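S.K.: have a look at this prediction, sequence included:
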Amino acid sequence: MAAQMGSGQMRARGLPGREGDRMQRLLNDLMVAGGADTRLGDHVGAAVTEWRRLPRIQVAGRAHSGRSTLLGALALMSALETDPVDAPGAPDPVLDADIVLYVLAGTPTAADRRVLGELPAARTVVVLNKADSVGSRWADAVVAADRIGRDLGMSTLPVIASLAARTRSGVVTAADLVTLRRHAVTADPAFTLSPELFTSPAAGPDVAERVELLSRWDLYGVACALTAVRHDPDIAPTSLLQLLYAASGVEPLHHLVHLRYERVQALRGGDLLDTLTRLAARAIPSPDSHGRALLEDFLAGDQASWLGLCAGLACPDVAHLAAGYANPSPVDADDAIARATRWRAVVSGEMSPAARRAALRVHNGYIRLWDRLSGAGL
């Protein structure tokens with residue numbers, strides 16, 4: 001999102017810089033005004049606090065599905081593990097977070113389907129954990145995840161959370177590489193079929209080293225590492241660690257969670273604008289009160305326009321129309337006016353009131369950015 005850019009880069013692309021945060025100035029002006037404006041400022045402050053609150057993430061699932069391991073693998077600041085679903089003698093946890101990661105260890109059970117059936121797909125991501133136990137190849141896990149996703153109507157991704165967690169907390173040591181290189185020449189495909197075969201004394205006297213390697217990287221990680229070393233005997237420890245991280249499948253999940261996180265924040269920005277608009281409409285102007293004017297001035301500004309644009313793009317009714325945008329901010333003035341023209345056509349089409357409102361926010365936001373980038377001075 002644009003909030004990740006530096007302030008100078010943001011201004012150069014027509015976006016409001018952080019040091020010019022009009023939201024904070026609005027709050028300050030209301031709180032020092034006294035009387036009705038200060039009371040109005042309390043309401044605005046509550047709305048801004050909700051907008052700034054970190055989105056909540058819950059990691060849920062049945063016992064032994066790998067919730068704790070996934071939580072450690074993702075290392076998300078605002079994520080919490082719930083109590084297990086379908087635990088004997090205990091109620092199911094309340095899943096009311098902004099984003100719910102529901103962990104499966106295989107085919108969904110009746111209890112999984114019951115819980116998932118009550119969750120909106122827009123805020124749920126299903127994780128097929130222990131994907132190395134699905135079939136004999138990674139492609140089998142991908143096919144299984146796609147099938148589960150179609151069946152549930154929810155985004156579903158395969159992951160090996162235990163391997164991902166190990167790559168986050170561990171390092172490939174020199175001893176690991178020595179053992180891997182020693183056995184990379186083994187052509188027997190059964191060597192990594194089971195822990196017993198991999199640690200068998202028949203494979204050589206270094207049983208203790210192989211047991212240690214297995215305890216550090218699991219069987220799937222060892223198999224991937226052996227394949228990598230077989231293709232590149234001189235592979236660096238950091239490169240091998242990156243390969244194991246990729247093999248865990250956690251990166252696509254991390255990316256999807258990041259996108260959902262940004263969408264939650266963008267939609268909250270739209271809710272904030274709605275709240276401020278209602279507060280402005282209810283504020284009664286008087287010689288001693290300028291709250292309405294302050295709110296209307298903010299709502300007509302660049303920061304509100306940007307919040308509206310992002311909220312419009314995140315609206316589920318029109319989000320598919322923005323799927324081709326690598327970034328909500330345009331590259332230059334020509335790109336901004338091209339996007340505005342496209343969204344004007346969207347506004348003119350047949351759609352629900354919510355979709356039209358979202359598209360209009362996007363259109364108006366790109367017109368504002370075009371004005372700033374081109375210097376048109378509208």
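M.R.: Perfect, I can see it now.
S.K.: give me the low-pLDDT residue ranges for the protein?
M.R.: Low-confidence segments of the chain (pLDDT under 70): 1-20, 187, 376-378.
S.K.: which helix runs longest in it?
M.R.: Longest among the helix segments of the chain by residue count, using DSSP state H, is helix 250-282.
S.K.: just checking, what packs against that helix?
M.R.: Contacts defined by 3 or more Cβ pairs under 8 Å, 6 or more residues apart in numbering; DSSP states H and E place helix 250-282 against helix 35-52, helix 67-74, strand 99-104, strand 124-128, strand 155-158, helix 291-299, helix 302-314. (C-beta placed from N, C-alpha, C; glycine too.)
S.K.: list the contacts for residue 221?
M.R.: The contact partners of residue 221, taken as Cβ atoms under 8 Å, 6 or more residues apart in numbering, are 163, 166, 244, 247.
S.K.: beyond the one helix or strand it maps to, next helix or strand please.
M.R.: In the assignment (DSSP states H and E), residue 221 maps to helix 207-231. Next helix or strand after helix 207-231 toward the C-terminus (DSSP H and E): helix 237-247.
S.K.: what is the orientation angle of the longest helix of the chain with helix 302-314?
M.R.: Interaxial angle of helix 250-282 relative to helix 302-314 (axes from the mean of the first three to the mean of the last three Cα atoms, to 10 degrees): 130 degrees.
S.K.: now helix 250-282 and helix 291-299, what's the angle there?
M.R.: 150 degrees.
S.K.: quick one: buried residues of helix 250-282?
M.R.: Of all the residues in helix 250-282, those buried under the rule 16 or more other Cβ atoms under 10 Å are 250, 253-254, 256-257, 260-270, 272-273, 275-276, 279-280.
S.K.: over to stretch 284-291?
M.R.: Judged by neighbour count using 16+ other Cβ under 10 Å, the buried positions of stretch 284-291 are 289-291.
S.K.: and that stretch, end to end?
M.R.: This stretch, stretch 284-291, spans 8 Å end to end (Cα to Cα, to the nearest Å).
S.K.: for stretch 59-78, same thing?
M.R.: Stretch 59-78: ends 11 Å apart by Cα to Cα.
S.K.: ok, and what's touching it?
M.R.: The contact list for stretch 59-78, computed with Cβ under 8 Å, 6+ apart, reads 54-57, 79-82, 84-87, 93, 95, 100-105, 109, 111-112, 115, 127, 129-130, 159, 161-162, 164-165, 168-169, 248, 250, 253-254, 257.
S.K.: restricted to buried residues, select those in ChimeraX.
M.R.: Per 16+ other Cβ under 10 Å, the buried members of the contacts of stretch 59-78 correspond to this ChimeraX selection:
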select :55,57,79,81,82,84,85,93,95,100,101,102,103,104,105,112,115,127,129,130,159,161,162,164,165,248,250,253,254,257
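S.K.: so residue 102 touches residue 129, yeah?
M.R.: No. Taking Cβ atoms under 8 Å as the definition, residue 102 is not a contact partner of residue 129, at 10.2 Å.
S.K.: which helix or strand contains the closest residue to residue 190 other than its chain neighbours?
M.R.: In space, and not counting its chain neighbours, residue 190 is closest to residue 197: 5.8 Å by Cβ to Cβ, 6 or more residues apart in numbering. If you go by DSSP H and E, residue 197 is part of helix 195-198.
S.K.: quick one: contacts for the closest residue to residue 298 other than its chain neighbours?
M.R.: Spatial nearest neighbour of residue 298, chain neighbours left out: residue 26 (4.7 Å); criterion: Cβ to Cβ, 6+ apart. Contacts for residue 26 (Cβ under 8 Å, 6+ apart) come out as 44, 294-295, 298.
S.K.: which one of those has the most neighbours?
M.R.: residue 44 (25 neighbours; other Cβ atoms under 10 Å).
S.K.: any figure for the gap between it and residue 21?
M.R.: Applying Cβ to Cβ, to the nearest Å, the value for residue 44 to residue 21 is 14 Å.
S.K.: next: residue 198.
M.R.: 57 Å.
S.K.: now the helix holding residue 221: buried residues?
M.R.: 209-210, 212-214, 216-226, 228-230.
S.K.: again with stretch 302-316
M.R.: Neighbour counts over stretch 302-316 (16+ other Cβ under 10 Å) mark 302-315 as buried.
S.K.: chain center to that stretch, what's the gap?
M.R.: In terms of Cα atoms, centre = their mean, to the nearest Å, the centre of stretch 302-316 is set 18 Å apart from its chain centre.
S.K.: and stretch 270-287, by the same measure?
M.R.: Here stretch 270-287 is found 31 Å from its chain centre; the criterion is Cα atoms, centre = their mean.
S.K.: and for stretch 312-329?
M.R.: How far stretch 312-329 lies from its chain's middle: 15 Å, per Cα atoms, centre = their mean.
S.K.: in it, which residues are buried?
M.R.: Buried, per 16+ other Cβ under 10 Å, within stretch 312-329: 312-315, 317-318, 321-322, 328-329.
S.K.: now what about that stretch, what contacts it?
M.R.: Contacts of stretch 312-329 (Cβ under 8 Å, 6+ apart): 1-2, 13-15, 122, 262-263, 266-267, 270, 309-310, 339, 343, 346, 351-352, 354-355, 357-362, 365, 369.
S.K.: endpoint to endpoint, that stretch covers what distance?
M.R.: Start-to-end span of stretch 312-329 (Cα to Cα) is 13 Å.
S.K.: ok, now how distant is residue 196 from residue 205?
M.R.: 17 Å.
S.K.: ok, now residue 263?
M.R.: When residue 263 is compared with residue 205 (using Cβ to Cβ), they lie 55 Å apart.
S.K.: residue 265 against residue 55, yeah?
M.R.: Yes. The pair residue 265 / residue 55 is scored as a contact, 6.5 Å apart, by Cβ under 8 Å.
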